[in-house]
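> need coordinates for the below:
(chains A and B)
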Amino acid sequence: DSGVTQTPKHLITATGQRVTLRCSPRSGDLSVYWYQQSLDQGLQFLIQYYNGEERAKGNILERFSAQQFPDLHSELNLSSLELGDSALYFCASSAGEEEEKLFFGSGTQLSVL
Amino acid sequence: AQTVTQSQPEMSVQEAETVTLSCTYDTSESNYYLFWYKQPPSRQMILVIRQEAYKQQNATENRFSVNFQKAAKSFSLKISDSQLGDTAMYFCALVDSWGKFQFGAGTQVVVTP
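Next up, the predicted model:
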């Protein structure tokens, strides 16, 4: 158990809908990352937050948004969903220091039908 | 911008044999950390090994070891005495001083009886 909690584990929805993925980082970790992994694809970095502030942005679509709350949990909002958004979405956390390891949650499998 | 390249999409190895996965990277940072993560069929991301760039000594974790060549920007992973449970996708990753992780495309390792 990595200590990173993601909910829900599975999500099935329809095109055009909006969903929210939730992540609770390991206790004490200030940095939260979101990654997207499509079938047979690598990890696509979406966005990183550090102590409530956006720190880095990757290939995140404008239909997607995220935030990190004062209690350090994070939410990834996906709107106007398309079939191609179907993927495994990982949250990961680290203490925020460069030498720290990245710990991954078990992911949320999103299926857009 | 930093990049991580894994040039071997898939490798097959027999049980008890040794396999080496290649990873090259590019970064302008002088201080950074390198990682290998594995993703078994369960799709959970698991940290395998970590290497500090300022250390010349290669990291070792049980049957897993790295060959870190800083001047060549090479970071290979050796799996000794391969076991069926080692079957997984292996990702090489680099983290910079901002805590931004960059992952390679991955190498699928298949261990056969």
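
> from now on I want contacts and neighbour counts done on CA atoms only, so please keep to that.
Will do.

> is the residue nearest to the spatial centre of chain A bridged to anything, and to what?
Centroid check for chain A by CA atoms, centre = their mean gives residue A:34 as the closest residue, at 3.3 Å. Counting by DSSP bridges, residue A:34 is bridged to residue A:47, residue A:91.

> now residue B:78
Beta-bridge partners of residue B:78, as defined by DSSP bridges: residue B:20, residue B:65.

> got the phi/psi numbers for residue A:84?
The phi/psi pair for residue A:84 (degrees, to the nearest 10) reads phi -70, psi -10.

> my read is that the residue nearest to the centre of chain A contacts residue A:54, right?
No. Using CA atoms under 8 Å, residue A:34 makes no contact with residue A:54, being 11.6 Å away.

> overlap in contacts, these two.
Taking CA atoms under 8 Å, 6 or more residues apart in numbering or on different chains as the criterion, residue A:34 and residue A:54 both touch A:47, A:48.

> if we can go back for a sec, tell me the contacts of the residue nearest to the centre of chain A?
Going by CA under 8 Å, 6+ apart, residue A:34 touches A:45, A:46, A:47, A:48, A:76, A:89, A:90, A:91, A:92.

> now swap in residue A:63 and tell me
Residue A:63 makes contact with A:78, A:79, A:80, according to CA under 8 Å, 6+ apart.

> ignoring the adjacent residues along the chain, who's closest to the spatially most central residue of chain B?
By CA atoms, centre = their mean, chain B has its centre lying nearest to residue B:36, at 3.4 Å. Ranked by CA to CA, 6 or more residues apart in numbering or on different chains and with sequence neighbours excluded, the top spatial neighbour of residue B:36 is residue B:92, at 4.6 Å.

> looks like that neighbour contacts residue B:4 (just checking).
Yes. Here residue B:92 lies in contact with residue B:4, judged by CA under 8 Å, at a distance of 7.2 Å.

> which one of the two has more residues nearby?
Between residue B:92 and residue B:4, counted using other CA atoms under 10 Å in any protein chain shown, residue B:92 has the larger neighbour count: 29 against 22.

> pLDDT on the helix or strand containing the more buried one, on average?
Using DSSP states H and E, residue B:92 falls within strand B:88-95. The predicted model gives strand B:88-95 an average pLDDT of 94.

> if we can go back for a sec, give the residues shared as contacts by residue B:92 and residue B:4.
Taking CA under 8 Å, 6+ apart as the criterion, residue B:92 and residue B:4 both touch B:23, B:103, B:104.

> tally of neighbours for the residue nearest to the second one when sequence neighbours are not counted?
What that stands for is residue B:103. Nearest non-adjacent residue to residue B:103, counting by CA to CA, 6+ apart: residue B:93, 4.3 Å away. Residues lying near residue B:93 (other CA under 10 Å) number 25.

> distance of residue B:93 relative to residue B:26?
Separation of residue B:93 from residue B:26 (CA to CA, to the nearest Å) stands at 11 Å.

> overlap in contacts of the two?
Contact with both residue B:93 and residue B:26 is made by residues residue B:4, according to CA under 8 Å, 6+ apart.

> ok, back up a step: figure out how far the next helix or strand after the strand holding residue B:92 is from the centre of its chain.
Scanning forward in sequence from strand B:88-95 by DSSP H and E, the next helix or strand is strand B:101-103. Chain-centre distance of strand B:101-103: 12 Å, with CA atoms, centre = their mean, to the nearest Å.

> partner strands of strand B:101-103 and their direction?
Strand B:101-103 has its sheet partners listed here by DSSP bridges as strand B:88-95 (antiparallel).
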